[in-house]
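Peer 1: Provide a 3D model corresponding to the input given below.
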Amino acid sequence: MHKITWIGAFLLINNMVIAQEGKEVPQKVDRPKVENRVRRSVNVEPLSPKKLWELGRVTAEGLSKDGSQLIYGVSNYQFEENKSEKNLFVIPVNGGEAKQFTSEAGSESVLKVEGDDIHYMFKGQIWKKNLKDGNSIQLTNYEDGLENVKISPDGKHILFSKAVLLKPYYSPNKYEDLPKSNVYIYDNLDYRHWDTWNDGKFNHPFVATYDNGKIGEAKDIMADEPYYSPTMPFGGAEDLAWAPDGKSVLYVCKKKFGTEYAQSTNTDIYRYDLASGKTTNLTEGMNGYDNTPGFSPDGKMMTWLSMKTDGYEADKNDIYIQDPVSGQKLNLTAHWDGTVNSYTWSKDNKKIYFVAPTKGTVQVFELQIPANLKNMSLPNIKQISSGDFDITGIVGEVKDGLVVTSTKMTRATEVFMFNFKSKSLSPITKVNDQMYATVADTKVEARITKATDGLDLFSWVIYPPDFDPTKKYPTLLFCQGGPQSATTQSYSFRWNFQLLASQGYIVIAPNRRGMPGWGVKWNEQISKDWGGQAIQDYLSAIDDIAKESYVDKDRLGTVGASYGGYSVFQLAGVHEGRFKSFISHCGLFDMKSWYGTTEELFFANHDLGGPYWDKANEKTYTEFNPSNHVEKWDTPILIFQGGKDYRVPIGQGLEAFQAAQLRGVKSRLVYLPDENHWVLSGQSAQVWQREFFGWLDETLKK
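Peer 2: Here you go, the predicted structure:
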């Protein structure tokens with residue numbers, strides 16, 4: 001099939017947005033009409049795994065001080081070298097041509113915008129470049145590099161993190177005369193996390209004087225404390241903040257060690273005073289996750305995100321506000337039946353905008369800041385965006401709206417303007433427009449099913465390109481992980497619904513019990529009930545869509561990862577002949593052995609009820625344990641397992657594969673020794689996709 005060239009697509013699009021007299025008139029362009037005309041002019045093909053990874057991955061890096069310019073990053077994957085290359089670009093927020101800002105080999109990320117100067121991180125050092133002209137200037141040359149950097153408001157101090165060796169867990173540190181030994185020795189839990197064994201080093205925040213790149217002697221503000229800040233395994237610069245006056249720093253930390261650390265989510269926000277060296281716990285008595293500290297633009301109010309329950313990582317996430325002078329604090333979202341992803345202040349200090357999942361999407365909400373916190377009056381919360389898209393983050397506020405990042409199931413992240421008056425999105429970046437002009441459309445629809453308890457169950461249904469309702473299609477039930485993760489209009493580079501549908505499958509993705517966006521009760525209902533109502537929700541969804549004439553009931557499959565992989569294993573024993581093929585990625589197979597090897601025990605204790613030796617949890621380890629239903633396995637199953645997955649360790653995949661083989665069930669194990677709970681390598685991801693779709697071709701499509 002003839003394919004349009006990159007330059008050809010560029011010329012086709014641009015010829016349509018240039019007036020006859022040669023002047024650009026982007027404000028008059030109807031982009032959907034332009035895209036349709038382009039599609040009619042070129043040959044389009046279904047999305048392929050390779051083309052998916054050829055898309056540019058867009059990150060919003062920040063706005064110029066006047067809000068007129070957006071700085072954003074684009075990462076492009078280089079298959080031959082099996083690595084990603086990221087560069088920075090600048091584009092006018094109100095429309096115009098994007099200009100490449102950096103081009104060095106490596107990845108850059110914006111640190112701060114100061115006038116027309118962009119300070120950015122590159123290879124662990126701080127660099128500076130003017131927005132309008134000039135060359136890149138390296139400001140720092142700090143030994144071993146800098147991580148999670150924050151410059152003080154007055155520019156006189158720098159805050160950053162680095163790992164500090166505090167415990168001799170690793171044998172060369174414990175036995176200096178045996179430098180070539182490779183042994184780990186532990187007396188407590190927290191011996192490994194996510195994909196890394198604990199070598200006795202702990203992330204710590206450091207403070208030093210700073211003068212235009214010159215860094216003074218750095219002080220460890222958590223000296224000798226065996227705790228992590230930024231937090232493990234995913235904490236970053238958002239765990240560190242400067243107070244508006246530059247006299248103190250805030251940091252997030254879970255000050256627990258060993259076995260106690262592994263069973264708790266009680267992070268707190270601490271303030272370290274530069275002059276006195278004194279540390280104060282600002283969230284003492286708040287027992288769940290406390291993180292993302294920030295201040296109002298005028299510096300008068302502090303805000304942060306907080307969960308109530310220790311050990312419950314998916315608890316309702318609330319926005320707290322506190323007057324640092326009086327100490328008065330208030331939960332601004334206590335009365336709201338939802339959970340917050342992230343937030344930002346309005347420029348006038350009167351509002352907070354936040355993004356949160358709701359009814360199968362992620363949208364923008366706003367709340368008014370109470371005039372007097374002492375009155376304890378809770379603000380009105382209003383959803384201000386809506387549509388079949390996700391708002392994945394707020395970059396900042398400009399004159400007429402918010403600059404945001406957004407995705408759809410059929411479009412990767414781009415940066416948009418959300419207009420306050422029209423309540424609509426308009427694109428600022430268009431990094432992947434040319435690529436999508438060559439990709440066949442996949443229709444996405446909402447569907448409501450009655451669950452077994454009579455409640456409405458929402459699902460997204462994704463149809464193949466050129467869907468014909470007079471034909472019959474193999475259909476996949478997608479099982480989400482988490483288990484308290486939302487299935488929304490997100491865009492994944494592995495579990496990609498557009499890619500699944502583009503291979504000729506109908507995909508149904510239910511918002512089953514446990515997913516946020518449908519109220520706190522719905523979200524909590526899955527805890528201690530993994531094999532109960534959530535599994536029934538999955539069966540209700542597939543049974544409902546199977547009634548459609550275009551669904552081939554003889555070719556139904558189920559796919560999923562993590563809790564979704566658990567769901568696949570569980571369904572394999574209870575599906576009663578519905579499915580013809582299963583695919584599980586890093587799924588939990590035996591709950592006893594999983595409890596004995598996973599690293600974040602707080603999650604297992606909350607969601608499973610606790611250890612297997614506690615009889616109160618018997619149902620979790622019997623009826624809701626996939627390994628207890630293996631005698632009913634009779635359906636082909638493909639099992640993916642990462643070698644560095646410590647969240648769902650390797651034994652889970654191996655046990656499931658061995659059980660299937662000994663049962664005489666057609667099965668395949670795909671072992672990824674260098675991957676963790678995810679697949680991050682581009683070439684390994686291509687192998688993953690080929691095995692995934694090859695299996696479906698063997699067992700379902702034909």
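
Peer 1: can we go C-alpha only for contacts and neighbour counts from here?
Peer 2: Noted.

Peer 1: what is the neighbour count of Gln536?
Peer 2: 17 (other C-alpha atoms under 10 Å).

Peer 1: out of everything not next to it in sequence, what's closest to it?
Peer 2: Closest residue to Gln536 apart from its sequence neighbours, by C-alpha to C-alpha, 6 or more residues apart in numbering: Thr452 at 6.9 Å.

Peer 1: which ones are touching the one you found?
Peer 2: Residues near Thr452 by C-alpha atoms under 8 Å, 6 or more residues apart in numbering: 536-537, 540.

Peer 1: repeat that for Val44.
Peer 2: Counting by C-alpha under 8 Å, 6+ apart, Val44 has contacts 3, 437-440.

Peer 1: parallel or antiparallel, which strands does the strand or helix carrying Pro357 pair with?
Peer 2: Using DSSP states H and E, Pro357 falls within strand 351-358. Strand 351-358 sits in its sheet next to strand 342-345 (antiparallel), strand 361-368 (antiparallel), going by DSSP bridges.

Peer 1: contacts for the shortest one next, please.
Peer 2: Counting contacts by C-alpha under 8 Å, 6+ apart, the residues outside strand 342-345 that touch it are 296-297, 305, 351-356, 393-394, 396.

Peer 1: which among those gets closest to Asn212?
Peer 2: When these are compared for distance to Asn212 (C-alpha to C-alpha), Pro297 comes out closest, at 24.2 Å.

Peer 1: measure Pro49 to Tyr550 for me?
Peer 2: Distance, Pro49 to Tyr550, using C-alpha to C-alpha, to the nearest Å: 26 Å.

Peer 1: these two: who's more crowded?
Peer 2: Between Pro49 and Tyr550, counting by other C-alpha under 10 Å, Pro49 is the more crowded of the two (21 against 18).

Peer 1: from Arg690, how far off is the more buried one?
Peer 2: Counting by C-alpha to C-alpha, the gap from Pro49 to Arg690 is 8 Å.

Peer 1: any weak-confidence spans in the protein?
Peer 2: Along the chain, segments meeting pLDDT under 70 span 1-42.

Peer 1: top helix in it by residue count?
Peer 2: helix 682-696 (DSSP state H).

Peer 1: give me the contact list for it.
Peer 2: Residues from elsewhere that reach helix 682-696 (C-alpha under 8 Å, 6+ apart): 49-50, 53, 77, 79, 82-83, 494, 581, 583, 638, 670, 672, 679.

Peer 1: from the residues you listed, which ones fall inside helices?
Peer 2: 49-50, 53.

Peer 1: for the residues you listed, give me a markdown table that also has distance to Leu402.
Peer 2: Listed next are the ones in helices among the contacts of helix 682-696 as a markdown table, based on distance: C-alpha to C-alpha, whole Å:
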| residue | distance to Leu402 |
| --- | --- |
| Pro49 | 33 |
| Lys50 | 33 |
| Trp53 | 29 |
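
Peer 1: and those residues, which is closest to Glu655?
Peer 2: Pro49 (29.1 Å).

Peer 1: my read is that that closest one contacts Leu499, right?
Peer 2: Yes: judged on C-alpha atoms under 8 Å, Pro49 makes contact with Leu499 at a distance of 7.1 Å.

Peer 1: what helix or strand is Ile126 on?
Peer 2: Using DSSP H and E, Ile126 sits within strand 125-130.

Peer 1: and whichever helix or strand comes after that strand, which strands flank it?
Peer 2: Sequence order places strand 137-138 as the next helix or strand after strand 125-130, per DSSP H and E. Sheet pairing of strand 137-138 (DSSP bridges) gives strand 125-130 (antiparallel).

Peer 1: roughly how far is the partner strand from the heart of the chain?
Peer 2: Computed by C-alpha atoms, centre = their mean, to the nearest Å, the chain-centroid distance of strand 125-130 equals 28 Å.

Peer 1: convert that strand to PDB, retaining C-alpha atoms only.
Peer 2: Only the C-alpha atoms of strand 125-130 are listed here, as PDB (Å, rounded to 0.1, in the frame of the first residue of the first chain):
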ATOM      1  CA  GLN A 125      23.900  20.000  35.500                       C
ATOM      2  CA  ILE A 126      22.100  23.400  35.300                       C
ATOM      3  CA  TRP A 127      22.200  25.200  32.000                       C
ATOM      4  CA  LYS A 128      20.800  28.500  30.800                       C
ATOM      5  CA  LYS A 129      19.600  29.800  27.500                       C
ATOM      6  CA  ASN A 130      17.700  32.900  26.400                       C
END
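
Peer 1: what segments of the stretch 1-150 of the chain are helices?
Peer 2: Shown for the stretch 1-150 of the chain, the helices assigned by DSSP state H, counting those that start in this stretch span residues 6-16, 31-41, 49-54.

Peer 1: likewise for the stretch 201-350 of the chain?
Peer 2: Counting by DSSP H, counting those that start in this stretch, the helices of the stretch 201-350 of the chain are 258-262.

Peer 1: among the contacts of strand 342-345, which two are most distant?
Peer 2: The widest separation within those (C-alpha to C-alpha) is 22.2 Å, between Pro297 and Ala356.

Peer 1: these two: which is more packed in?
Peer 2: Neighbours were counted for Pro297 and for Ala356 using other C-alpha under 10 Å; Ala356 has more, 23 against 16.

Peer 1: gap between the more buried one and Phe624?
Peer 2: 31 Å.

Peer 1: same question for Thr196.
Peer 2: Thr196 is 29 Å from Phe624, by C-alpha to C-alpha.

Peer 1: neighbour count winner among those two?
Peer 2: Remark: of Thr196 and Phe624, Phe624 carries more neighbours, 23 against 13, as counted by other C-alpha under 10 Å.

Peer 1: which residues does that one contact?
Peer 2: 529-532, 570.

Peer 1: try it again at 10 Å.
Peer 2: Contacts for Phe624 were tallied using C-alpha atoms under 10 Å, 6 or more residues apart in numbering; they are 528-532, 535, 566-567, 570, 590-591, 608, 618.

Peer 1: shouldn't it be within a strand?
Peer 2: No: checked against DSSP: H, G, I helix; E, B strand; the rest coil, Phe624 lies outside a strand; its state is coil.

Peer 1: distance check, it against Trp522.
Peer 2: 19 Å.

Peer 1: residue contacts, the residue nearest to Tyr272 when sequence neighbours are not counted?
Peer 2: For Tyr272, ignoring the flanking residues on the chain, the nearest one in space by C-alpha to C-alpha, 6+ apart is Thr279 at 4.5 Å. Neighbouring residues of Thr279 by C-alpha under 10 Å, 6+ apart: 221-222, 248-250, 270-273.
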